[in-house]
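1. A predicted structure for the sequence below; I have some questions about it.
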Amino acid sequence: MVELKGKTALVTGASSGLGTDFATILAERGCSLVLVARRQDRLEKVAAELRQRHGVEVHVIALDLAPLGAAQQLYDRIRGMGINVDVLVNNAGFGVYGPFVDVPWEREEEMLLLDIVALVHLTKLFVRDMVARNLGYVLQVSSIGAYQPSPTYGTYSASKAFVLSFGEALSYELRKTNVKVSVLSPGVTETEFLDVAGQRRSLFQRMSIMKSRPVAEIGINAMLAGKPSKVAGAMNALTAWSLRFVPRRMQAAMASAAMQIGA
């Protein structure tokens, strides 16, 4: 097991769901934490529980990472606190559900700025420091949606395809260093994702949903093992693998059906 005592992890989107579980797992392994999300009250509650249960140092920063410049603001603030980030978990993000022509541009733009631009900018800022120290870990949170075109989640699945491709490319670039970059691709997970996206669970989603904690454990273990990418769950992994044999047009039809059946 990789020794994390004395290390500091930055977890974005840490106020609920996978973010809270990532933070909890890292705290269990002795990692100090910087937790970032928009909801100050939720962050403070998570931080208090982690301090009490695991005796680790936890800093809370309430910040919306979607606006341009927010990543730089976060980096400058953390550096100003004298903290070196050894582990970066880029978990912050959300999806938007609905026909492309009906989704308000303002909501879609916010999603793309958070899911792509903020993720890349944070990676750029913190990975430079990790490479300079020749030590660090990065976990990029993608989605099984990255493996196929997903009607009614068109821009979201495309953004996660970007995250997957970017993360795997960076992992290869840094292969001769001690900085490890991994991409986690969860399937349907028991979080606030569908509520925020505005979708009622389909039959497929109800049948395939995974608990958040096991998904987070898969991601952290993959990151510490230096795996370039990992799909959470055996059925999800089989689905992602088998899609390479399905024509792209059929993939879109299959994804659309999965979102609708029994909804």
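-> Received, thanks.

2. the strands in this structure, which residues?
-> For the chain, the strands identified by DSSP state E occupy 8-12, 32-37, 58-62, 87-90, 136-141, 179-185, 229-231, in order along the chain.

3. measure how the second one sits relative to strand 8-12, angle-wise.
-> Right, the one you point to is strand 32-37. 10 degrees (axes from the mean of the first three to the mean of the last three CA atoms, to 10 degrees).

4. strand 32-37 pairs with which strands?
-> Pairing partners of strand 32-37, with direction, according to DSSP bridges: strand 8-12 (parallel), strand 58-62 (parallel).

5. deepest-packed of these, please.
-> Per residue and on average, the most neighbours among these fall to strand 8-12, with a mean of 25 (mean count of other CB atoms under 10 Å). For the C-beta atoms, the positions are set from N, CA and C on the backbone; glycine is no exception.

6. and of the strands paired with strand 32-37, who's closest to Arg249?
-> Between Arg249 and the strands paired with strand 32-37, the tightest spacing by CB to CB is seen for strand 8-12, at 35.4 Å.

7. got the CA coordinates for that closest one in PDB?
-> Listed in PDB are the C-alpha atoms of strand 8-12, where the atom choice follows Å, rounded to 0.1, in the frame of the first residue of the first chain:
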ATOM      1  CA  THR A   8      -1.900  16.400   1.300                       C
ATOM      2  CA  ALA A   9      -4.700  15.700  -1.100                       C
ATOM      3  CA  LEU A  10      -6.900  18.300  -2.900                       C
ATOM      4  CA  VAL A  11     -10.400  16.900  -3.600                       C
ATOM      5  CA  THR A  12     -12.800  19.000  -5.700                       C
END
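
8. for it, what does the pLDDT average out to?
-> For strand 8-12, mean pLDDT is 98.

9. give me the contacts around it.
-> Contacts of strand 8-12 from elsewhere in the structure, counted by CB atoms under 8 Å, 6 or more residues apart in numbering, are 19, 22-23, 26, 31-37, 65, 78, 83-92, 122, 126.

10. residues near Val96, how many?
-> Applying the criterion other CB atoms under 10 Å, we find 23 residues in the vicinity of Val96.

11. do the same with Lys227
-> One way to gauge burial is a neighbour count; for Lys227, by other CB under 10 Å, it gives 16.

12. quick check: which ranges of the stretch 101-250 of the chain have low pLDDT?
-> Where the stretch 101-250 of the chain drops to pLDDT under 70, the residues are 199, 201-207.

13. which stretches of it form helices?
-> Along the stretch 101-250 of the chain, the stretches classed as helices by DSSP state H, counting those that start in this stretch are 105-112, 119-133, 154-173, 193-197, 203-208, 212-224, 234-242, 248-260.

14. buried residues in stretch 249-257?
-> Buried residues in stretch 249-257, counting neighbours by 16 or more other CB atoms under 10 Å, are found at 251-252, 254-255.

15. count of neighbours near the residue nearest to Gly136 when sequence neighbours are not counted?
-> Among residues not flanking Gly136 along the chain, Met130 sits closest, at 2.9 Å (CB to CB, 6 or more residues apart in numbering). One way to gauge burial is a neighbour count; for Met130, by other CB under 10 Å, it gives 24.
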